[in-house]
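>>> Have a look; sequence and predicted model below, questions after that.
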Amino acid sequence: MQDKPLVIAGREFASRLIIGTGKYKDYAQNAAALKASGAEIVTVAMRRVNVSNPAEPMLVDFINPKDTVYLPNTAGCFTGEDAVRTLRLAREAGGWSLVKLEVLSDPKHLYPDMEETMRAAKMLIDGGFDVMVYCSDDPVFARKLEDMGCVAIMPLGAPIGSGLGLQNKVNIRLIVEQTSVPVIVDAGVGTASDATEAMELGCAGVLMNTAIAEAQDPVMMARAMKHAVIAGRDAYLAGRMAKKRYADPSSPLAGLI
Amino acid sequence: MKITLNGEPHTVEDGTTVAALLEALRIPLVKVAVERNLAIVPRSTFDSVHLEKGDRIEIVRFIGGG
């Protein structure tokens, strides 16, 4: 069976892995990890230019926005207005309308504030943005965000940066089953098997940052994640065998000497 | 005249344009977005928008993030 490409807001992507650009030792390591991961989309943040040192390295000098899709995020925004302001600036800086909305709450768990996320999503969609939305793993909110017109639903697998792996597979599966736009697990992946697990549940993709950036060897982990996402996707499409309670010999019993 | 630049007090010549401000700060034009009193300054108007006393200017760029 041939897999179809991942389609987000009408754009096709061969890779189902999206990686972040935070927490790396430097942008050069980040660029090397990107290459190893095969990802075609990177999340990026908008921040003030350091006026006292305008010559400091810039992300765009290491990861060319012409070759890699920049997905501006709203990390650090706690209200819908903050998020809209940030993404309008991002659109001006880069000209992109595809954005990642995340409106966070308590810094201890960085869970999305869903009330504010809903409000911000509406404002952004009305403003012409294609919104990929970081959300809780609640199928009810996921449905509302899809109905509103979000182009990808991105439930967390576990708290941002925790690396704990998928904590609620039941909810992720329920969201996958009910959703027509891509479902991308965003946050919580710690190692390759977590990414595979998300893909085996039928997710359209996985978004991760810390799992790669804070690995002992980020470039090798990026490569591992590339294979993990492909393996999980293929396993999902192939359809796993039924689980059985007892052993079932692989070699025929007939003709035994 | 005094303006607020990225949250800090800053002094510029009267009549300075956004383009001139960026040039004086040696910030490459193509890599940033500029906001003036909460309104975006389109890149195409950097040459024609003149700063006024008390303006709150934000100059932002992309950095690494998750």
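Everything's here; your move.

>>> Within range of chain A, give me the residues from chain B.
Contact residues (C-beta under 8 Å from any C-beta of the partner chain) of chain B with chain A: B:5-8, B:10, B:25-28, B:31-35, B:38, B:40, B:42-43, B:58-66. From N, CA and C alone the C-beta is placed, and that goes for glycine too.

>>> hmm, 6 Å instead?
For chain B, the residues found near chain A under the criterion C-beta under 6 Å from any C-beta of the partner chain are B:6, B:25-27, B:31-33, B:40, B:59-66.

>>> out of those residues, which are buried?
Taking 16 or more other C-beta atoms under 10 Å in any protein chain shown as the criterion, what is buried in the residues of chain B next to chain A is B:6, B:25, B:27, B:31-33, B:40, B:59-66.

>>> what's the closest of the residues of chain B next to chain A to A:L98?
Of all the residues of chain B next to chain A, the one with the least separation from A:L98 (C-beta to C-beta) is B:F62, at 14.0 Å.

>>> Checking my notes, the closest one in a helix, right?
No: B:F62: not assigned to a helix; according to DSSP: H, G, I helix; E, B strand; the rest coil it is strand.

>>> Contacts only, for it.
Residues in contact with B:F62 (C-beta atoms under 6 Å, 6 or more residues apart in numbering or on different chains) are A:44, A:59.

>>> Okay, it and A:A142: tell me how far apart.
28 Å (C-beta to C-beta, to the nearest Å).

>>> go on, A:R48?
34 Å.

>>> Compare the two (neighbour count), which wins?
A count of neighbours by other C-beta atoms under 10 Å in any protein chain shown puts A:A142 above the other of A:R48 and A:A142, at 27 against 15.

>>> what about the strands in the chain?
Using chain A here. A:6-8, A:11-13, A:17-19, A:41-48, A:69-72, A:98-101, A:130-135, A:152-155, A:184-186, A:205-208 (DSSP state E).

>>> looking at chain B here, not the other one
Counting by DSSP E, the strands of chain B are B:2-5, B:8-11, B:32-36, B:39-41, B:56-64.

>>> relative orientation of the last one and strand A:41-48 in degrees?
Just to be clear, that refers to strand B:56-64. 150 degrees (axes from the mean of the first three to the mean of the last three C-alpha atoms, to 10 degrees).

>>> Contacts only, for the residue of chain B found nearest chain A.
Residue of chain B nearest chain A, by C-beta to the nearest C-beta: B:G65 (2.7 Å). Shown in contact with B:G65 (C-beta under 6 Å, 6+ apart): A:22, A:43-45, A:73, A:75.

>>> out of these, which touch chain B?
Within the contacts of B:G65, those near chain B by C-beta under 6 Å from any C-beta are A:22, A:43-45, A:73, A:75.

>>> Just the buried ones from the residues you listed, in ChimeraX syntax?
The ChimeraX selection below is limited to those of the ones next to chain B among the contacts of B:G65 classed as buried (16+ other C-beta under 10 Å):
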select /A:22,43,44,45,73,75
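
>>> okay if I get the ones next to chain B among the contacts of B:G65 as CSV plus pLDDT and distance to B:V49?
Formatted as CSV, the ones next to chain B among the contacts of B:G65 follow (pLDDT from 0 to 100; distance: C-beta to C-beta, whole Å):
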residue, pLDDT, distance to B:V49
A:G22, 92, 32
A:T43, 96, 31
A:V44, 95, 26
A:A45, 94, 26
A:N73, 94, 28
A:A75, 90, 29
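
>>> model confidence over stretch A:204-212, on average?
In this model, stretch A:204-212 has a mean pLDDT of 97.

>>> Can you give me the end-to-end span of that stretch?
From its first residue to its last, stretch A:204-212 covers 19 Å (C-alpha to C-alpha, to the nearest Å).

>>> With stretch A:172-185 instead?
End-to-end for stretch A:172-185, by C-alpha to C-alpha: 8 Å.

>>> Check stretch B:42-54 too.
With C-alpha to C-alpha as the measure, stretch B:42-54 spans 20 Å from end to end.

>>> Those residues of the stretch 1-150 of chain A touching chain B, which are they?
Counting by C-beta under 6 Å from any C-beta, the stretch 1-150 of chain A sits next to chain B at A:20-22, A:43-49, A:51, A:54, A:58-60, A:73, A:75, A:88-89, A:92-93.

>>> For residue 51, give me the pLDDT.
If you meant another chain, say so; for now it's chain A. According to the prediction, A:V51 has pLDDT 86.

>>> my bad, chain B
pLDDT, B:L51: 96.

>>> what's near enough to touch the closest residue to chain B within the stretch 51-200 of chain A?
Residue of the stretch 51-200 of chain A nearest chain B, by C-beta to the nearest C-beta: A:A93 (3.7 Å). Shown in contact with A:A93 (C-beta under 6 Å, 6+ apart): B:A33.

>>> Could you measure from it over to A:M220?
According to C-beta to C-beta, A:A93 and A:M220 sit 32 Å apart.

>>> again with B:S44
Distance of B:S44 to A:M220, computed by C-beta to C-beta: 44 Å.

>>> do the same with A:Y24
For A:Y24 relative to A:M220 (C-beta to C-beta), the value is 14 Å.
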